[in-house]
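Enquirer: give me the fold of what follows.
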Amino acid sequence: MRASARAALAGALVLLTAPLTSAASASLSTPELAQALKDFKCTGNPDIAWDDQIAGCSGAIGSGKFTGNDLAVALTNRGHAYHAKGDFDRAIADYDQAVRLDTGETAAYIARGAAYQAKHDPDHAIADYDRAIKLDPSNAYAFNNRGFAYQAKGDFKTAIADYDRAIALKPDYAPPVLNRGIAYAATGDQDRAIADYNAAMRLDANYAAAFVDRGLAYQAKGEVDLAIADFDQAIKLNPKDAFAYAARGAAYQANGDQDRAITDFDQAIKLDPQAAAAFANRGLAYQAKGDIDRAVGDYNEAIRLNPANAFAYFNRGNAYGSKGDLDQAIADYDQAIKLNPTLIPAFNNRSVAYFAKKDYDHAIADSDQAIKLDPDFAVAFNNRGRAYLAKKDYSRAIADYDQAIRLQPDYAKALYWRGKAKQLSGDAAGGNSDIGAAERIDPNVGAQ
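Expert: Sure thing, here's the model as predicted:
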């Protein structure tokens, strides 16, 4: 998988909440309350359509038949329905009322934490999971979800500790096993990640998400065929999983099969028209096939859907550069760098664009930055050498080519242009030797 695709696709997970009816302190017995709420079509579970549940729970809440802790359960269940519909603010409002009515309503704290996570607010989520764990230290759901919130903050060590605790409390509960695998994968430990995905599958043979994430781990290890096999199985288990199609498309891309990649991205977009990553990666596939206009169209849509995606700007810049539209390419590299100031390829490619515009000072400045970020980046030394050569600063050009060749001894372009620099500086024999060595590596180097 290309780096941009991998970044865009990483981290698929369905966040689970607590059991959706909870009446530990309710005035009705648990079975009585569950039946009474079911009569109103207010279960908080997907057994009844969510719109019907919102109406049913609203009826229950307004009926006057439920008070105190029982009313808290009805509010919690309606909150679940709002959450499932993506209306997180209304869900949180219901959970707020539930915890005011019953401060011991663990399910409401867990569910409110999940809603905060859905709003990308892990700090509020963690605070709610902390409260749930204080009320019920043996609640595996709370530990699982808190681990996922820490994971969203990049605190993988704490996340793994929470998953460990969830697994110890409920060994037959697959989500924390899967989530721990995702955390290991995020730290680069793909083997431990795969071991956890395997364990999750043993607990649930139809766990589609585990196949997706194991596929991502295999792809990170370069085992693309195994990755595709896992994505195939994930799609078989859940044919409506847009992410699985996008992941398989990226795997086909890695194998150079752009047509199959495009077919999968098409399906991902059909299932989820908001899938910015699928548009961005389909753009890469079209670009690889030389269909630059379609590529730019997909990058445009990816950027519209996710204006913070630095890779989409970077790739669109490459597409514009290939069309000779250097000013637009530079503008896109500017935005990519603004969004990700450590995106080395953007500095490098902007340097190339400036060079093509004969703006050698800006080209050198961008190569300087690329080298500062990665002192072992041979291409940046070569490109800076080309700019110095164009400025007739032969000694600096040769010094940069020397470094590029030290880093990559078979770098034909660097050898060739060092030869040219030597010839222009009066070292005809040295120049001829370098050019001959370059042509032995790549007979067409002089035409590039």
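Enquirer: what are the ranges of the strands in the stretch 51-200 of the chain?
Expert: Under the criterion DSSP state E, counting those that start in this stretch, the stretch 51-200 of the chain carries no strands.
Enquirer: can you map out the helices along it?
Expert: Applying DSSP state H, counting those that start in this stretch to the stretch 51-200 of the chain gives helices spanning 68-84, 88-101, 106-118, 122-135, 140-152, 156-169, 174-186, 190-203.
Enquirer: A268: which of these is closest?
Expert: helix 174-186 (19.9 Å; CB to CB). No exception for glycine: its C-beta is placed from N, CA and C like everyone else's.
Enquirer: what does the average pLDDT come to for the closest one?
Expert: The average pLDDT within helix 174-186 is 96.
Enquirer: same question, stretch 342-350
Expert: 97.
Enquirer: same deal with stretch 103-111?
Expert: Mean pLDDT, stretch 103-111: 88.
Enquirer: buried ones in that stretch, by neighbour count?
Expert: Going by neighbour count (16 or more other CB atoms under 10 Å), the buried part of stretch 103-111 is E105, T106, A107, A108, Y109, I110, A111.
Enquirer: which one of those is nearest G426?
Expert: The closest of the buried residues of stretch 103-111, once distances to G426 are taken by CB to CB, is I110, at 76.4 Å.
Enquirer: re earlier: and of the buried residues of stretch 103-111, the nearest to S395?
Expert: Nearest member of the buried residues of stretch 103-111 to S395, counting by CB to CB, is I110, at 66.9 Å.
Enquirer: low-confidence ranges, the stretch 201-350 of the chain, go.
Expert: For the stretch 201-350 of the chain, no stretch has pLDDT under 70.
Enquirer: secondary structure class of K41, three-state.
Expert: Using DSSP: H, G, I helix; E, B strand; the rest coil, the structure places K41 in coil.
Enquirer: out of the helices of the stretch 51-200 of the chain, which gets nearest to A308?
Expert: With CB to CB as the criterion, A308 lies closest to helix 140-152 of the helices of the stretch 51-200 of the chain, at 15.7 Å.
Enquirer: export the closest one as PDB, just CAs?
Expert: Output of helix 140-152 as PDB, limited to C-alpha atoms (Å, rounded to 0.1, in the frame of the first residue of the first chain):
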ATOM      1  CA  ALA A 140     -15.100  -4.700  30.500                       C
ATOM      2  CA  TYR A 141     -17.000  -2.500  28.100                       C
ATOM      3  CA  ALA A 142     -15.800   0.600  29.900                       C
ATOM      4  CA  PHE A 143     -12.200  -0.500  29.800                       C
ATOM      5  CA  ASN A 144     -12.500  -1.400  26.200                       C
ATOM      6  CA  ASN A 145     -13.900   2.000  25.200                       C
ATOM      7  CA  ARG A 146     -11.500   3.900  27.400                       C
ATOM      8  CA  GLY A 147      -8.600   2.100  25.700                       C
ATOM      9  CA  PHE A 148     -10.000   3.200  22.400                       C
ATOM     10  CA  ALA A 149     -10.200   6.800  23.500                       C
ATOM     11  CA  TYR A 150      -6.500   6.700  24.700                       C
ATOM     12  CA  GLN A 151      -5.700   5.100  21.300                       C
ATOM     13  CA  ALA A 152      -7.300   8.100  19.600                       C
END
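Enquirer: that helix to helix 122-135, inter-axis angle?
Expert: Orientation check (axes from the mean of the first three to the mean of the last three CA atoms, to 10 degrees): helix 140-152 against helix 122-135 gives 150 degrees.
Enquirer: chain center to helix 140-152, what's the gap?
Expert: How far helix 140-152 lies from its chain's middle: 18 Å, per CA atoms, centre = their mean, to the nearest Å.
Enquirer: helices and strands around it, which ones?
Expert: Helices and strands touching helix 140-152, by 3 or more CB pairs under 8 Å, 6 or more residues apart in numbering; DSSP states H and E, are helix 106-118, helix 122-135, helix 156-169, helix 174-186.
Enquirer: for those helices, which one ends up most surrounded?
Expert: Comparing the helices and strands packed on helix 140-152 by mean neighbour count (mean count of other CB atoms under 10 Å), helix 106-118 ranks first with a mean of 27.
Enquirer: what residues of stretch 39-56 count as buried?
Expert: F40, K41, C42, T43, G44, I48, W50, Q53, I54, A55, G56.
Enquirer: so among these, where is pLDDT lowest?
Expert: When those are compared by pLDDT, G44 scores lowest at 89.
Enquirer: tell me how far it lies from Q97.
Expert: 15 Å (CB to CB, to the nearest Å).
Enquirer: all good on my end, thank you.
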